[in-house]
Structures are given as C-alpha cells and as structure tokens.
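Colleague: Predicted structure and sequence below. I'll ask about it afterward.
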Amino acid sequence: MFSDADAAALYDVLNPWDPAIWPGDAFYSGLVMAAGSVLDVGCGTGLMLHRARDLGHGGRLVGLDPDGAALDRARRRPDIEWVQGTAADARWRGEFELATMTSHAFQCLVTDDELRASLVAIRSALRPDGQFAFETRHPQARAWEAWHPSNASDVVDSCSRALRVWHNVENIVGDVVTFTGTTAQADGRVLRVDRTSLRFLDPMALDAFLSKAGFEMEARFGDWQRGPLNDESREIITIAKPK
C-alpha cells in the first residue's frame, strides 16, 4: 500500500529544506553554521543537517529521532551521527553548543511528563554556554482551523505517483489538537491514514516549563525575520540558554 519508507520520502517532497527560499530554514541555518556542535532533536529525515554539511559545516552534527524510516533516509549521509530515540532518551552531558527542534517538532511533546523529561535531557546535553532553539505555533493563530480536506495538497512523489494529502481535526482537548493525515491516490483511493496529537502552549505556559527545566530566555521572536512576539504572531520562536 504505502509504507513507512514511502511516507518518509513523501515528507521530503512536501517539506523541502532550503535556506535560500524559506525564512525559517534560513533562521536555523544561521544558528547551525555558527555552532561547532549541534544536536537536532526530532531530526526526521535529516535534511537540515545534510544541508549544513553541504554548506561546509565541519563540526559535530547529531540527529535524534524515534522514526526508524525517517532515519533510514537521514543515514544517506554517513558523515553525520544518527541516533534513534526520543528527546527524553537523550543521555549526552554538556556536549553541544546548540540543540534544535525544527518543523514544530516541539509540539509533539504532548504530556507534562514528556515535556519535563525532554527539556531536562536537552538541557543536560548542552554546554553551559549553549543554546536551545525551537519554534511552536502560537495558539492565538488557531492553525488547526485550516487542517481540513478542502485544503488538500496535490503532489507527485519521488516514485512519480500522483498523490493527494489532506488533514482533518478529530478533537481538541485543552491545548492538545488531535488530527489525521490522509494520503490518497489522485482518484481518492486512500493509501494511508496517520494520527497525530500536537500541543499548543501559550508563551506563559511554555516559559514555565523551560524555567523548571533549567533554561532562561535568550531571545524570543514572533516571525522568522526576528520581529517581536505580538498579538498577530503565528509562531513562538525561542532561543533559550541554560541558567
């Protein structure tokens, strides 16, 4: 039908990484290229770290992700360390100048316990002068309201299959939104349905979790041009540092 490997390859088609085109990619690329050692938490198929090597990064790059199929694609670059596991599984101690969570991966930390354990592990992986950079969708923008079949994407995947991809919200409980992602053939025959839950923390709640895990704020932005967080912001972009 449509395997995990197919889904990982389709992700790269739908979400290419190119700092020359996408402001968010450029934001992270600048941070990565300035750091001698980088841990990318929730690295997925590894495109950000691949591009860093292409741009000449000569330091230590490590990608961490629980998805085996995504890591299989990431491992096409053997000059980067790839580790299968979750953020809470991280056991590094003071080894990285920079930790990142891109592409809204932070929102996959849904429960309080998962958030606390993950943040503590990331904090422990950083050097005392390190940085943790990530973004989360601002709940005030209500991004989930656009996740419905009428906003389907038509795409041709790497195997030259014409596909249609759409999302549909199942429920909203507190600050957690659960939705499905459907991959179908162009004629509508469903190939795969994946279910995901994401947490939408507001800035105050987010900062409380960071503080309890031993972080303090270094910078906070509301857009990829480093504009201030305000009532119109769709993103909460954070650079935190160890206390």
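Modeller: Sure thing, it's come through.
Colleague: The strand or helix carrying Leu198 pairs with which strands?
Modeller: Secondary structure assignment for Leu198, by DSSP states H and E: strand 190-199. Looking at strand 190-199 with DSSP bridges, its partner strands are strand 176-185 (antiparallel).
Colleague: which residues touch the partner strand?
Modeller: 2, 7, 10, 110, 144, 147, 149, 161-172, 190-200 (C-beta atoms under 8 Å, 6 or more residues apart in numbering). Where you see a C-beta, it was placed from the backbone N, CA and C, and this is true even at glycine.
Colleague: Any buried residues in it, and which?
Modeller: By neighbour count on 16 or more other C-beta atoms under 10 Å, the buried set for strand 176-185 is Val177, Phe179, Thr182, Thr183, Ala184.
Colleague: Buried subset of the contacts of strand 176-185 as a PyMOL selection?
Modeller: Buried residues among these (16+ other C-beta under 10 Å), as a PyMOL selection:
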select buried, resi 2+7+10+110+144+163+164+165+166+167+191+192+198+199+200
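Colleague: longest helix of this structure?
Modeller: helix 112-125 (DSSP state H).
Colleague: quick one, the next helix or strand along the chain from that one and strand 190-199 angle?
Modeller: Later in the chain than helix 112-125, the nearest helix or strand by DSSP H and E is strand 126-137. Calculated by axes from the mean of the first three to the mean of the last three C-alpha atoms, to 10 degrees, strand 126-137 forms an angle of 120 degrees with strand 190-199.
Colleague: I would like the residues contacting the helix or strand encompassing Ala99, please.
Modeller: Assigned by DSSP H and E, Ala99 falls within strand 96-101. With C-beta under 8 Å, 6+ apart as the contact definition, strand 96-101 has outside contacts at 28, 31-32, 35-42, 48, 60, 62, 87, 122, 125-127, 129-135.
Colleague: Partner strands of it, with direction?
Modeller: Its sheet considered, strand 96-101 pairs with strand 37-41 (parallel), strand 126-137 (parallel) by DSSP bridges.
Colleague: can you pull the buried residues of the last one?
Modeller: The neighbour-count criterion (16+ other C-beta under 10 Å) identifies Leu126, Gly130, Gln131, Phe132, Ala133, Phe134, Glu135, Thr136, Arg137 as the buried residues of strand 126-137.
Colleague: quick one: which of the residues you listed is nearest Arg53?
Modeller: Using C-beta to C-beta, Ala133 comes nearest to Arg53 of the buried residues of strand 126-137, at 18.8 Å.
Colleague: How confident was the prediction at that closest one?
Modeller: Confidence at Ala133, expressed as pLDDT, is 98.
Colleague: Quickly list what it is bridged to.
Modeller: Beta-bridge pairing of Ala133 under DSSP bridges involves Thr100, Ile239.
Colleague: again, but for the one 4 residues further on
Modeller: According to DSSP bridges, the residues that bridge with Arg137 are Glu235.
Colleague: Can you check my assumption that Ala8 lies in a helix?
Modeller: Yes. Inclusion of Ala8 in a helix is indicated when DSSP: H, G, I helix; E, B strand; the rest coil is applied.
Colleague: which residues touch the residue in the chain sticking out farthest from the centre?
Modeller: The outermost residue of the chain, judged against the average C-alpha position, is Asp187 (30.9 Å), by C-alpha atoms, centre = their mean. Not one residue lies near Asp187 by C-beta under 8 Å, 6+ apart.
Colleague: Report the angle between the strand holding Ala99 and helix 112-125.
Modeller: Going by the same axes, to 10 degrees, strand 96-101 makes 150 degrees with helix 112-125.
Colleague: Next, work out how far apart the closest residue to Val62 other than its chain neighbours and Gly58 are.
Modeller: Leaving out its chain neighbours, the residue that sits closest to Val62 by C-beta to C-beta, 6 or more residues apart in numbering is Glu81, at 4.3 Å. Using C-beta to C-beta, to the nearest Å, we find Glu81 at a distance of 14 Å from Gly58.
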